[in-house]
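sequence below, structure please.
(one chain, ligands or ions: 2)
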Amino acid sequence: MLIPENQRELAVEVVEKLRTAGFEAYWAGGCVRDRLLGRAPKDYDVATGAVPDEIRRLFGRRRTLAIGAAFGVIHVLGPKGAGQVEVATFRRDAAYSDGRHPDSVTFSSAKEDAARRDFTINGLFYDPIADEVIDFVGGRDDLQRGILRAIGRPCERFAEDKLRLLRAVRFAATLGFSIEAETLEAVRKMAAEITVVSPERIAMEMREMLASSARAEAVRLLVDTGLADAVLPELTTGEPIEPILAVINRLDRPGFPLALASMLYGLVDTAAARRACNRWRLSNKEADRVGWLIGHFDALDDARSMRWSALQPIVVAEGIEDLLALREAALPGCPEAAYCRSLLERPPEKLSPPPLLTGDDLHEIGVPQGPKYRLLLDRVRAAQLDEEIHTRDEALELVDRLMKET
Ligand code: ATP
Ligand code: MG
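Ligands and ions are numbered 1, 2, ... in the order given. Model prediction:
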């Protein structure tokens, strides 16, 4: 568990130590932005003139991790609750030939380090000792006015690293900022190129956007900029997007599968939804959930008149909370969800009584192995749930009858 105050203290201590050793050092990027917005930063990044070897020597090998040392990044580990601080040497990025990563990095100055960052609001430094913001890129004004603006020429910056296209939408939506005109034009123009970014990384951005309470705005921007055509083409049918936005807006802190299902349920079938999940390399568990939600959306239409044996497997399924949340968001005030919630209040032995018979029982009484097994067990289970039978003997009797029928 991270404690915001401990994280902050560690980040101050890291800067102090670098300064005492004679190096320039500041908080950098997202943490400066978040503090100026009055939000607690998720984590702290420090930018410094010290090179990785010097950083490691200063903080000691035991307190540091050097996984990113080639890019000038050393992680300094803090005490309990403080997490870690990413300490990065000021750098300039060389050419980006793959549309995602710089070919190499060169250590340089604070000013050049600000210029290689993506958006002005992410290009600020802060000196926590002097309590002073260092702004080479006009980020403070943009932050005050609520403007998301690329640093430098937008087209060039998006061409270097296409992930920035999605980051633009994410920051604009989650911060409630408007995208500056030239930056927005560049996002629109280059949207289709987002596909050079790995599906896993795209999914990571989508996950963050949909987890945010600004998820409807994020989706609106994705569709509006053309990014949705490339990352989630299922969504762009030519139909107005507003009804979908209203649905995802009504969700309360949805997990990723629920958020996805809430956009796709009226548009695609289970198989197509699973294909979308596979495209993003989601786990089977998440893909199964999305597929299940879409496949069962209509299954609750008749919840109040269904036999318990038909409804019970849905109500006891792992995804039921998501399914109910989906129906409530899609059909506000729908009585079926409330009805199912009342069923979920039943005591466990009523909701999901232990089966009267198992495969072993069938084996014992000499039912030949085969597809019939499942069929018989299902019939017995249904009769039990519908309270047509109550005991093991009645269950065996039923099996006997069913065997004679066939
Ligand atoms: P979040 O709250 O999502 O963590 P963040 O701004 O801290 O937002 P990070 O991905 O943690 O984002 O990156 C930290 C900083 O590194 C950013 O603020 C930005 O200055 C810089 N940065 C990150 N990714 C890029 C990128 N793709 N291109 C340019 N600069 C980037
Ligand atoms: Mg961050």
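
please count neighbours and contacts with C-alpha atoms only from this point.
Will do.

domains in the chain, by residue range?
As assigned by automatic domain parsing, the chain contains the domains 1-140, 146-231, 240-265+277-352, 353-406.

end to end on the second one, go ahead and measure it.
With C-alpha to C-alpha, to the nearest Å as the measure, domain 146-231 spans 26 Å from end to end.

again, but for the longest one
End-to-end distance of domain 1-140: 31 Å, with C-alpha to C-alpha as the criterion.

got it, and stretch 58-77?
Per C-alpha to C-alpha, the first residue of stretch 58-77 is 13 Å away from its last.

what's the longest helix seen in the chain in contact with?
Ranked by residue count under DSSP state H, the longest helix found in the chain is helix 4-20. Contacts with helix 4-20, where a contact means C-alpha atoms under 8 Å, 6 or more residues apart in numbering, come from 24-27, 40-41, 43-46, 48, 50, 55, 58, 78, 81-85, 128-129.

ok, stretch 23-32 next?
11, 15, 18-19, 40-50, 121-128.

how about the residues of the chain by ligand 1?
Selection of the chain residues close to ligand 1 by C-alpha under 6 Å from any ligand atom yields Gly29, Gly30, Cys31, Arg117, Asp118, Asn122, Gly123, Leu163, Arg164.

now compare those residues and name the two farthest from each other.
Using C-alpha to C-alpha, the residues of the chain next to ligand 1 span at most 19.9 Å, a distance reached by Cys31 and Leu163.

show me where the protein has strands.
Secondary structure of the chain (DSSP state E): strands at 25-28, 44-48, 64-65, 73-77, 84-89, 91-93, 105-107, 125-127, 132-134, 147-148, 178-179.

want to try CSV for the residues of the chain next to ligand 1, with pLDDT as columns?
Converted to CSV, the residues of the chain next to ligand 1 look like this (pLDDT from 0 to 100):
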residue, pLDDT
Gly29, 98
Gly30, 97
Cys31, 98
Arg117, 98
Asp118, 98
Asn122, 98
Gly123, 98
Leu163, 98
Arg164, 98
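
and the residues you listed, which of them are in helices?
Short answer: the residues of the chain next to ligand 1 in helices (DSSP H) are Gly30, Cys31, Leu163, Arg164.

please report how far the first one lies from Ala47.
This means Gly30. 12 Å.

tell me which of those two has more neighbours.
Ala47 (26 against 19; other C-alpha atoms under 10 Å).

pretty sure Leu324 contacts Ala337?
Yes: under the criterion of C-alpha atoms under 8 Å, Leu324 makes contact with Ala337 at 5.5 Å.

quick one: which of these two has more around it?
It is Ala337, of Leu324 and Ala337, that has more neighbours when counted by other C-alpha under 10 Å, with 24 against 21.

I figured the more buried one was touching Arg327, is that so?
Yes: contact criterion C-alpha under 8 Å: Ala337 and Arg327 qualify, at 6.8 Å.

hang on, the earlier thing: among the strands of the chain, which is the most enclosed?
Most buried of the strands of the chain by mean neighbour count (mean count of other C-alpha atoms under 10 Å) is strand 25-28; its value is a mean of 27.

given it, what are its sheet partners and their directions?
According to DSSP bridges, strand 25-28 has the following sheet partners: strand 44-48 (antiparallel), strand 125-127 (antiparallel).

so how far is that strand from its chain's centroid?
Offset of strand 25-28 from its chain centre (C-alpha atoms, centre = their mean, to the nearest Å): 28 Å.

do the same with stretch 272-279
16 Å.

show me where pLDDT drops low in the chain?
Regions of the chain meeting the criterion pLDDT under 70 cover residues 406.

quick one: the residue nearest to Cys155 when sequence neighbours are not counted from Leu143, how far?
Sequence neighbours aside, Ala186 is the residue nearest to Cys155 in space, at 5.3 Å (criterion: C-alpha to C-alpha, 6 or more residues apart in numbering). Applying C-alpha to C-alpha, the value for Ala186 to Leu143 is 20 Å.

swap in Asp322?
With C-alpha to C-alpha as the criterion, Asp322 and Leu143 are 36 Å apart.

what do you get for Ala69?
According to C-alpha to C-alpha, Ala69 and Leu143 sit 31 Å apart.

the more surrounded of those two?
A direct count of neighbours by other C-alpha under 10 Å for Ala69 and Leu143 places Leu143 higher, at 20 against 17.

residue contacts, the nearest residue to that one once chain neighbours are set aside?
Of all residues beyond its chain neighbours, the one nearest Leu143 is Ile121 (5.8 Å), with distances taken as C-alpha to C-alpha, 6+ apart. Contacts for Ile121 (C-alpha under 8 Å, 6+ apart) come out as Gly29, Gly30, Arg33, Gly138, Gly139, Arg140, Asp142, Leu143, Leu148, Arg149.

now do the contacts for the spatially closest residue to Ile179 that is not a sequence neighbour.
Nearest residue to Ile179, sequence neighbours excluded (C-alpha to C-alpha, 6+ apart): Leu148, at 4.7 Å. Contact analysis of Leu148 by C-alpha under 8 Å, 6+ apart lists Phe119, Thr120, Ile121, Asp142, Ala168, Phe171, Ala172, Phe177, Ser178, Ile179, Glu180, Thr183.

the fourth one - how many residues pack around it?
So the one you mean is Asp142. Neighbours of Asp142 (other C-alpha under 10 Å): 18.

do the same with the fifth one
The local packing of Ala168 (other C-alpha under 10 Å) involves 24 other residues.

give me the residue from the stretch 201-350 of the chain nearest ligand 1.
Of all residues in the stretch 201-350 of the chain, Glu208 sits closest to ligand 1, at 8.1 Å by C-alpha to the nearest ligand atom.

now that residue: closest residue in space that isn't a chain neighbour?
Arg170 is the one closest to Glu208 (C-alpha to C-alpha, 6+ apart), at 7.8 Å.
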